[in-house]
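> curious how this folds, go ahead:
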Amino acid sequence: MPLVHFPNDLQHYTGGLDKLYVEAPRVQELFAALAQRFPGMGEDLDKMAVAIGDEIHNDAPYMALKPDVEVYLIPRIAGG
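Predicted structure coming up:
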């Protein structure tokens, strides 16, 4: 089961949890499960990049998640 790490920006939704195991085969299902478990988090998830293992993805809804992977939610940084 993937282990999800939450940045400080999302921990007010989780009651202070900084990580949590979530059953999900892809990022899309991971985000849906988190939005259901933590009301209000869904909009902020859309603003997150996702690090799966050692690769960062800005658009990853269909990325597969292996059962033993660690997933880090990272606020996107806008550049100009």
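> lowest-confidence helix or strand of this protein?
One helix or strand of the chain scores below all others by mean pLDDT, DSSP states H and E: strand 55-57, with a mean of 88.
> who's in contact with that strand?
Residues outside strand 55-57 that contact it (CB atoms under 8 Å, 6 or more residues apart in numbering) are 27, 49-51, 63, 74. Where you see a C-beta, it was placed from the backbone N, CA and C, and this is true even at glycine.
> and L3, what pLDDT?
L3 is assigned 96 on the pLDDT scale.
> may I have the phi/psi pair for it?
Backbone torsions of L3, given as degrees, to the nearest 10, read phi -100, psi 120.
> ditto for the one 5 residues further on
Here is the backbone geometry of N8 (degrees, to the nearest 10): phi -50, psi -30.
> and if you look at M48?
phi -100, psi 140.
> go on, K19?
Per-residue torsions, K19: phi -160, psi 160 (degrees, to the nearest 10).
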